[in-house]
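> Predicted structure and sequence below. I'll ask about it afterward.
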Amino acid sequence: MLKATLRSFLAHKARMVLSALAILLSVAFVAGTLMFTDTITKTFDDMSRTAAADVTVSPKSEFREDRLGRTGQQPTLADTTVTAARSVPGVKDAHGDVVSTSVIVTDAKGKKVGLTSDPQVQAADWHPGPQLPVELDKGREPRGAGEVILDSDAADHNKVRLGDKVRVIAAPGAFEATVVGLANYTTINPGVTLVYLDGTVARDRLLGKPGVVTSVSLTAEPGVEQKVLKQRVTDKLGTGFDVKTRAEQAEAASADMAQALNVVKYSLLGFAGISLLVGTFLIFNTFSMLVAQRTRELGLMRAIGATRADVNRSVLVEAILLALVGSTLGLLAGYGLGLGLLTLMKSVGVDLKGTALVLKPVTPVVAYLVGVVVTLIAAYLPARRAARVSPMAALREAGAPVAKSLRGRAIVGGVVTALGAVGLATGAAATTMDAGHGLALAGGLVGTLVGFIVLGPVLARAMIPHLAGVFPRVFGTVGRLSRENALRNPRRTGATAAALMIGVALVASLSVVASSMKDSVGKQIDQRLGADFTLQSDGGLNLSPDIATAIRKVPGVSEVVRQRETEAKIIVGTSSETITVTGADPGVDGMLKQKYTSGKASDGLEPGRIIVPKSYADDHHLGVGGTVTVRTPNGQSVALRIGAVLDDGGVGIGANGAVVGLDTLGRLDPNLLDSLIMTNIADGAKASEVRAALNRAIKPFPQVKVRDQADYKATVQDQTDMILQLVYGLLGLAIVIAILGVVNTLALSVIERTREIGLLRAIGMSRVQLRRMIRLESVVIAVFGAVLGLVLGVGWGVSAQRLLATQGLDVLTVPWPTIAEVVVGAGVVGLLAALLPAMRAARMNVLAAISTE
């Protein structure tokens, strides 16, 4: 039996090529993703260990450091901490570091300096040592104010040379500097533009205050263990500091990187899973058709002594051989995909030059496991069907299988679909977003998908006569034959269409959600953004006070309203919660048309008052007149009385936090700068002229952008479209495998109907008519799958949108043009998928085809 199985596999290898290709593509996706993410993780782990000091002392903070840096509140340590740490026994050297990532660097023309259009920048004090990721290549060290070193990659990319002027924009303000040195990365370039300043200058320019540092790097004396030194430093400084060894620093950095990479990793693996699911239908159809074509052969094997178990094992062994071949090729292709992704990283500024792709032992195991398991699952039912072939089948003519009743499928599929529809309806009827309704929606998605897969043959028998109803009238006998061929084996048609259905359903549902999201945000902007123009920094940095002063002098500007913000702790009793507190001028209510469930803006913006969001007020049983305590990162606290409660789900000020007047915020932290400026046009002024004047006024501040309502909408739409295009691209693999499934079904069908095709040619059908018949059959199967996918996808999208409506996305938009494009695209896919099978059928020798058994 083993010898017969191997010979059978080799004899039918050409018929399994497309199934092997489906396994190859899916396994390559999985293996490539694992290799890519493992490589990135290892590379950044190594870099983190190299860049970390033996022991690092950092300030403790209960707030997010990235947001504090943008608002000029970066946690710092006093110089006395450096002195105290240097005196600890076992410390060879102590250096006070000054590092800020809230920086923008522009060239003489105002263009951002970096490897991308919106580069990440890290500015620091220049202190050569083993932890420095660069070495000076050209020029000299910065000395005093007005001198900087740039990394060579960013400088070369932007054609910045030694002696050129650049503008450094930091949280405390902007300043001009001359490039006196260029430094090369000694590690990989993670896509960060590096700029170095003289140590004293860095404190003033990056932190806005002398006598402080952002951390202290300690080098241990030879023979002193890092853990021992850490304990000594902790004993000396006390508990008010965050002290970490090199290993702990690297571990923390790795954890942050892993958290970010896991999102990418599991998203890619999720799309790989979709491709595997689609490929399962292709493999299932391949083995089903091979078993049907080999009925006499299997019957003969049974007649000469093979048991049912022998036949079952024979088919499964063929499936394992197919999986091993496909998985091996997929693993090799995955290696190539991983290399391609590393190369692609360079386009986003991350240069992994000289980095070898990491192949962990678990990756091949996962690759083969995925390929073998999926193939065995797909081949299980055909193998069982093969085992049931009677020995008497060897005495009968091979032909089309006897049509079986679809009543059982109709009942089971109908029940599962109905239960899924109940889940979708439950999720759509939600008035609040919670785990229960989310699970109901997820269950509905799975239930309706499984139900449609089970109902596929039933729906094929019911729908294809209508979808192909025009064929006989337009194409005559050829059209009628193509329709009947699609209906000949509804199970096969249903399985082929199901693969395409899954891809189309996902595309349709995402299109509905994305379109609804864009229109919902657009509606909120129309309803709540009353300002004619807003000014904000692209990099999220605060705005210099000079900007508001300049804006007030612009002709045609009637009103200027400033907004500032900070992270803060809001305390009620024993409850403490981190929230964004926004301070605004009194005229903010005219700029942002917010809704209040109680109180009004003017009351909440008075000194000593606060406006809280409704969700916070409800959670803590608060209302107008209640009292909360607000504590800012600088340690200042103040008790404030609630003057108004803001409706949730807005945009802009207070949408996700609390609001106070600028006077109140100034009491908490007088050093905060503007984060947003809003203006209105004076009566009689032209918007275009005022905008041009605003752009002229902010020309010295290239990081600041002027936007109107249309710009805000365009920004949201561009971001949504970019994500959607990325998702469509990732779903493209599933669509490609689905198309291969259509090609595979038609190709095997042509082989199965060789004698029939010969007879049709013998009685007068031309090659052109034969090709047309197969193309029409392919088109109707593809359109059938697309229609099922659209029904599912639109249902999923509508249900998801109704659930998201509880979070403010209350506009339902069904993108009918996209749906029409999908249907037309399905027809085109059907035509393309039929090209090779139709050509092969047309080239058959008539006499040889007729004599085929």
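Everything's here; your move.

> Could I get the contacting residues of Ala498?
By C-beta atoms under 8 Å, 6 or more residues apart in numbering, the contact set of Ala498 is Phe281, Phe452, Ile453, Gly456, Gly785, Leu788. For every residue, glycine as well, the C-beta is placed using N, CA and C.

> Just give me how far stretch 329-336 sits from the chain centre.
For stretch 329-336, the distance between its averaged C-alpha position and the chain's averaged C-alpha position is 23 Å (C-alpha atoms, centre = their mean, to the nearest Å).

> mind checking which helix or strand Leu790 is in?
Under DSSP states H and E, the secondary-structure element containing Leu790 is helix 767-804.

> For this structure, name the helix or strand with the lowest mean pLDDT.
Counting by mean pLDDT, DSSP states H and E, the chain has its least confident helix or strand at helix 65-70, which shows a mean of 63.

> Check which helices and strands the next helix or strand after that helix is in contact with.
Where DSSP H and E defines the elements, the next helix or strand beyond helix 65-70 is strand 77-78. Strand 77-78 is packed against strand 55-59, strand 212-213, with contacts defined by 3 or more C-beta pairs under 8 Å, 6 or more residues apart in numbering; DSSP states H and E.

> Buried residues, the helix or strand following strand 77-78. List them.
Elements were assigned by DSSP H and E; along the chain past strand 77-78, the next helix or strand is helix 79-86. Applying a neighbour-count criterion of 16 or more other C-beta atoms under 10 Å, one finds Thr81, Val82, Ala84, Ala85 buried in helix 79-86.

> between those, which is closest to Ala177?
Checking the buried residues of helix 79-86 against Ala177 by C-beta to C-beta gives Val82 as the nearest, at 25.4 Å.

> who touches the closest one in this structure?
With C-beta under 8 Å, 6+ apart as the criterion, the residues that contact Val82 are Ala94, His95, Gly96, Val213, Val216.

> try 6 Å
Val82 sits next to Ala94, Gly96, Val216 when contact means C-beta atoms under 6 Å, 6 or more residues apart in numbering.

> And those, which is closest to Ala486?
When those are compared for distance to Ala486, the smallest value, 74.6 Å, is given by Val216; criterion: C-beta to C-beta.

> Roughly how far does the closest one sit from Ser87?
From Val216 over to Ser87 the distance is 12 Å, taken as C-beta to C-beta, to the nearest Å.

> now swap in Arg143 and tell me
Using C-beta to C-beta, Arg143 is found at 29 Å from Ser87.

> now do Gly371
62 Å.

> In terms of neighbours, single out the busier of these two.
Set side by side, Gly371 and Ser87 give different neighbour counts by other C-beta atoms under 10 Å, the larger being at Gly371 (30 against 10).

> confidence score at the more buried one?
What the model reports as pLDDT for Gly371 is 91.

> Who are the contact partners of it?
Ile23, Val27, Ala323, Gly326, Ser327.

> With adjacent residues omitted, what lies nearest to it?
Spatially, and ignoring its direct neighbours in sequence, Gly371 is nearest to Ser327 (3.2 Å; C-beta to C-beta, 6 or more residues apart in numbering).

> Check the burial of the one you found by counting its neighbours.
Using other C-beta under 10 Å as the criterion, Ser327 is surrounded by 29 other residues.
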